[in-house]
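[1] Take this sequence and fold it.
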Amino acid sequence: MGGDAWLDKHNELQQNLEESFVDAQELQRLKRSGKDASRISSQIERDTGRAESTFSTLKRMLPSLTLSSSEKAKRESMLADISSAMNRLRSQVQGGGGRGAPPQGFTEYTDRSSLGMQRGEEAAGGKRIENQMMQEQQQMMQGQDVSLDLLLESVNRQKEMGEAISEELDQQSGLLDDLENGMDNTGMVLGRQQQRVEEVLEKAGKGGTLCIIVALSGVLAILTMLALDII
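    Numbering: from 1, shown residues only. Model (predicted):
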């Protein structure tokens with residue numbers, strides 16, 4: 001990522017400057033002892049040129065990075081410390097006196113900044129994990145809500161089917177009651193009709209006996225008359 005590349009270049013520049021300060025100390029020692037210092041002077045000059053090129057690159061890259069305002073301000077402060085260290089290195093190489101060590105707090109500041117950035121990245125990573133877990137929980141809860149909605153819909157359908165079956169049973173029960181009442185009425189009507197038939201048969205039986213008696217009486221009368229005629 002762009003931010004990591006910037007930090008890599010910054011750390012590389014920091015290390016090169018620290019090595020250049022060590023070379024500057026050696027340069028001053030050689031000058032004080034009257035020995036040839038041309039080789040190490042050329043080396044410092046080359047290292048200083050590379051440091052200036054890297055510094056320019058870092059300064060040019062910083063505005064294009066997507067960073068928070070606090071992070072951007074922190075990196076601008078880091079560049080300011082680098083610039084101060086480079087100026088002191090130039091002064092030392094040119095014989096401006098003083099110790100050729102990095103400015104007090106230069107290395108410590110950069111280490112603290114790097115550590116702070118690392119902690120910030122770890123915190124950001126933890127926040128991303130936390131957000132991801134929250135999103136997964138929300139998705140799980142949404143899935144559970146969908147399942148509950150489907151279950152509720154199924155229960156409502158079962159309830160509607162149960163109510164329809166209950167209504168149908170009530171209707172069938174009413175029809176059965178009507179059929180039972182009709183059968184009872186039919187039985188009563190048949191009973192009355194049977195009773196009437198029995199009465200009619202009984203009356204008809206009595207009338208038939210009378211007819212037989214009358215017929216026999218007539219036959220007897222006829223036979224009596226015939227018998228009298230014969231005599």
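[2] where does the protein have low pLDDT?
    For the chain, residues meeting the criterion pLDDT under 70 lie at 1-3, 95-126, 186, 189-190, 197, 200-201, 203-210, 230-231.
[3] residue nearest the centroid of the chain?
    By CA atoms, centre = their mean, the chain has its centre lying nearest to residue 139, at 0.8 Å.
[4] Could you list every helix and strand in contact with whichever strand or helix holds that residue?
    Element membership for residue 139, per DSSP states H and E: helix 106-230. Secondary-structure packing of helix 106-230 (3 or more CB pairs under 8 Å, 6 or more residues apart in numbering; DSSP states H and E): helix 2-33, helix 69-93. In this view, the C-beta of every residue, glycine as well, is placed from N, C-alpha and C.
[5] Reformat those helices as JSON lines; add distance to residue 194.
    Converted to JSON lines, the helices and strands packed on helix 106-230 look like this (distance: least, CB to CB, whole Å):
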{"stretch": "helix 2-33", "distance to residue 194": "111"}
{"stretch": "helix 69-93", "distance to residue 194": "112"}
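[6] now those helices in CSV, with mean neighbour count and distance to residue 130?
    Output for these, formatted as CSV (neighbours: other CB atoms under 10 Å; distance: least, CB to CB, whole Å):
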stretch, mean neighbour count, distance to residue 130
helix 2-33, 16, 21
helix 69-93, 16, 20
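[7] gap between residue 56 and residue 79?
    10 Å (CB to CB, to the nearest Å).
[8] same deal with residue 156?
    68 Å.
[9] can you check residue 151 too?
    Residue 151 is 62 Å from residue 79, by CB to CB.
[10] try residue 168
    86 Å.
[11] again, but for residue 48
    Distance of residue 48 to residue 79, given as CB to CB: 17 Å.
[12] what does the domain assignment say about this structure?
    What automatic domain parsing lists as the domains of the chain is 2-142, 199-231.
[13] got CSV for these, with distance to residue 177 too?
    Shown next, in CSV, are those (distance: least, CB to CB, whole Å):
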stretch, distance to residue 177
domain 2-142, 53
domain 199-231, 33
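[14] Out of those domains, which gets nearest to residue 161?
    Residue 161 lies closest to domain 2-142 among these, at 29.0 Å (CB to CB).
[15] starting at the chain centroid, how far to that closest one?
    44 Å (CA atoms, centre = their mean, to the nearest Å).
[16] Could you do stretch 139-151 as well?
    Taking the mean of its C-alpha atoms, stretch 139-151 sits 9 Å from the chain's own mean (CA atoms, centre = their mean).
[17] What of stretch 176-186?
    Remark: stretch 176-186 is offset 62 Å from the chain centroid, using CA atoms, centre = their mean.
[18] Can you point out the buried residues in it?
    By 16 or more other CB atoms under 10 Å, stretch 176-186 has no buried positions at all.
[19] Just the CA atoms of it, as CSV, please.
    Only the C-alpha atoms of stretch 176-186 are listed here, as CSV (Å, rounded to 0.1, in the frame of the first residue of the first chain):
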residue,chain,number,x,y,z
LEU,A,176,-75.9,-34.9,10.7
ASP,A,177,-78.2,-33.3,13.2
ASP,A,178,-80.7,-32.4,10.5
LEU,A,179,-80.5,-36.0,9.1
GLU,A,180,-81.1,-37.5,12.6
ASN,A,181,-84.1,-35.2,13.1
GLY,A,182,-85.4,-36.2,9.7
MET,A,183,-85.0,-39.9,10.4
ASP,A,184,-86.8,-39.4,13.8
ASN,A,185,-89.7,-37.6,12.0
THR,A,186,-89.8,-40.3,9.4
